[in-house]
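J.: curious how this folds, go ahead:
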Amino acid sequence: MFKIIAVTNRKLCHIDFLEQIEILAKSEVDSIILREKDLSEEEYYNLAKNVLRICEKYNKECILHNFVGVAKRLGQSKIHLSLPMLEKHHNEVKNFEKVGVSIHSLEEGERAVTFGATYITAGHIFQTDCKKDLEPRGVSFLENICRSIDIPVYAIGGISKYNINLVKEAGAKGACLMSSLMKAEAK
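T.: Got it, this is the predicted structure:
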């Protein structure tokens, strides 16, 4: 089944962030990655407690991002990391249920698998406001990653209702969306 993963960015929200999380938790998205990179560890911990409470209420998977110590303190076994963070913390997360890693090349994907990733996000696939100055890697990049890596691959970057079928056809197990979901309003 093709999955939709919401990647958070509270700065994009038009409403209170926790209200936005509740909208997502009630929605059809499969998972929420709590990616708030500008927060300190303690700020992230406090936010994660609230987000996890909402996700648990609606039985929605929540994957913490970057802060391995916070995940451990909160008894969570799902984390998403950059490749350098996985390389640094691979012994700490080897018993986690889910370890996601952001990759930008086939070599990085292979390294992520070697260090214990259980899924990867590959991108950015299409033009996106988050990476205005970087050329998108495109669908052929995604196809190559999906063919070459034996763990689930999720596409990220500029994905919308207009191009999501290209991501499916490339072999991705799902798509990560940020802007459209963080600005979405309750239906």
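
J.: list the buried residues in stretch 21-38.
T.: Buried residues in stretch 21-38, counted by 16 or more other Cβ atoms under 10 Å: 21-25, 27, 29, 31-36. All C-beta spots, glycine's among them, are computed from the backbone N, C-alpha and C.

J.: oh, I was asking about stretch 138-156
T.: Within stretch 138-156, the residues scored as buried using 16+ other Cβ under 10 Å are 139, 141-146, 149, 151-156.

J.: go on, stretch 88-98?
T.: If you call a residue buried by 16+ other Cβ under 10 Å, then stretch 88-98 has these buried ones: 89-90, 93, 96, 98.

J.: helix, strand, or coil at Tyr45?
T.: Classification of Tyr45 using DSSP: H, G, I helix; E, B strand; the rest coil returns helix.

J.: I'd guessed it sits against Ala71; true?
T.: No - look at Tyr45 against Ala71 with Cβ atoms under 8 Å: they stay out of range, at 9.7 Å.

J.: more crowded one of those two?
T.: Taking neighbours as other Cβ atoms under 10 Å, Tyr45 and Ala71 compare with Ala71 leading, 23 against 17.

J.: surely the more buried one and Leu81 touch.
T.: No - Ala71 lies out of contact with Leu81 (Cβ under 8 Å); the separation is 10.1 Å.

J.: circling back: can the buried residues of stretch 88-98 go into JSON lines with extra columns for pLDDT, distance to Phe115 and secondary structure?
T.: Listed next are those as JSON lines, based on pLDDT from 0 to 100; distance: Cβ to Cβ, whole Å; DSSP: H, G, I helix; E, B strand; the rest coil:
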{"residue": "His89", "pLDDT": "97", "distance to Phe115": "9", "secondary structure": "helix"}
{"residue": "His90", "pLDDT": "96", "distance to Phe115": "5", "secondary structure": "helix"}
{"residue": "Val93", "pLDDT": "96", "distance to Phe115": "9", "secondary structure": "helix"}
{"residue": "Phe96", "pLDDT": "98", "distance to Phe115": "12", "secondary structure": "coil"}
{"residue": "Lys98", "pLDDT": "98", "distance to Phe115": "14", "secondary structure": "strand"}
